[in-house]
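# let's see this in three dimensions:
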Amino acid sequence: MKVILQAKGLWKEFDGTPILKGIDFSVNEGEFIAIMGQSGSGKSTLLYNISGMDRATKGVIQFQGEDILNQDDNKISNLRLTKMGFIFQQAHLLKTLSIRDNIVLPGFKAQRKRREQIKEFAEELMKRTGINQIADHDIKKVSGGQLQRAAICRALINQPEILFGDEPTGALNSGATKEIMDIINKINVDGTTVILVTHDAKVAARADRVIFLADGNITDEIVLGKFKEKMTTDREKNMSEWLVKLGF
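Just a heads-up that it's a prediction; the model follows:
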């Protein structure tokens, strides 16, 4: 399989304190990776650095074979806009815009397609995620699960090669979590590479591969293979047992 993202000797320091300590990490095209670890282990820092949202202190980060660590801010911003999608624990939608307008905004900014094409694709995404009926709603008048669906649509509007998530289900109940993970799994099956930070064993059980961080190092890894709904119970049980062994 072709590698889409790779980190070599990745270090990150804050005020002289190392947070990431020489991490080597690679992701193949079409993989779904979950990153787990205790609070302070460096998992979110790893996500932000490999996605270009933050700059590593030293090392190499390659995206589609190109070193992004030494690119200027404008080039990295354009890369994130056009080839990467992001979902966070909070949706971070603009309060002055409707659901639809929040979704199309990154498409208009990227200027890769005509506005009518972007609007049409936004409608398709909203139908796929089940929020087309609230497209014109104010974001303060919809549920947390609906907001996350909108955030997923916004992340996909420029048809990115890779989707990053930092605890995207952390603020949701179990029902909404399953709905969001069903959507993310479908996105992955359709070909988008996915990397999620999570503390939830049920979320991690959806991934092809789970890596564990402790004190800024990758300490363990479990390979689960592609997720299928009928495997849910067994995978969740295996993940829970493995977490207990690791002391989580």
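# and V203, what does it touch?
Taking CB atoms under 8 Å, 6 or more residues apart in numbering, we find V203 in contact with 34, 169, 177, 181, 196. (Each C-beta comes from the backbone N, C-alpha and C, glycine too.)
# of the residues you listed, grab the buried ones for PyMOL.
Provided next is the PyMOL selection string for whichever of the contacts of V203 are buried by 16 or more other CB atoms under 10 Å:
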select buried, resi 34+169+177+181+196
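# just the contacts of V203: which are in strands?
34, 196 (DSSP state E).
# most widely separated two among the contacts of V203?
Pairwise distances across the contacts of V203 (CB to CB) peak at 13.6 Å, for the pair A34 and T177.
# which residues of the chain score low on pLDDT?
Within the chain, no stretch has pLDDT under 70.
# repeat that with 90
Filtered on pLDDT under 90, the chain yields the residue ranges 1, 16, 39, 66, 69-71, 89-92, 140, 171, 228-233, 238-248.
# and the contacts of V203 as CSV, adding distance to S77?
Putting these into CSV (distance: CB to CB, whole Å) gives the following:
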residue, distance to S77
A34, 27
T169, 27
T177, 31
M181, 29
L196, 22
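# out of the contacts of V203, which comes closest to T219?
Using CB to CB, the contacts of V203 come closest to T219 at A34, 14.6 Å.
# using CSV, write out every CA atom in stretch 126-144.
The C-alpha trace of stretch 126-144 is given here as CSV (Å, rounded to 0.1, in the frame of the first residue of the first chain):
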residue,chain,number,x,y,z
MET,A,126,-26.0,17.1,3.9
LYS,A,127,-28.2,14.4,2.5
ARG,A,128,-25.6,11.7,3.1
THR,A,129,-25.2,12.8,6.8
GLY,A,130,-29.0,13.3,7.3
ILE,A,131,-29.0,17.1,8.0
ASN,A,132,-30.4,18.4,4.7
GLN,A,133,-33.7,19.4,6.5
ILE,A,134,-31.8,21.7,8.9
ALA,A,135,-29.6,23.3,6.2
ASP,A,136,-31.0,26.8,6.8
HIS,A,137,-31.1,26.6,10.6
ASP,A,138,-29.2,28.8,13.0
ILE,A,139,-26.4,26.7,14.6
LYS,A,140,-27.8,27.5,18.1
LYS,A,141,-31.0,25.7,17.3
VAL,A,142,-29.7,22.2,16.5
SER,A,143,-28.4,19.3,18.6
GLY,A,144,-24.7,18.5,19.3
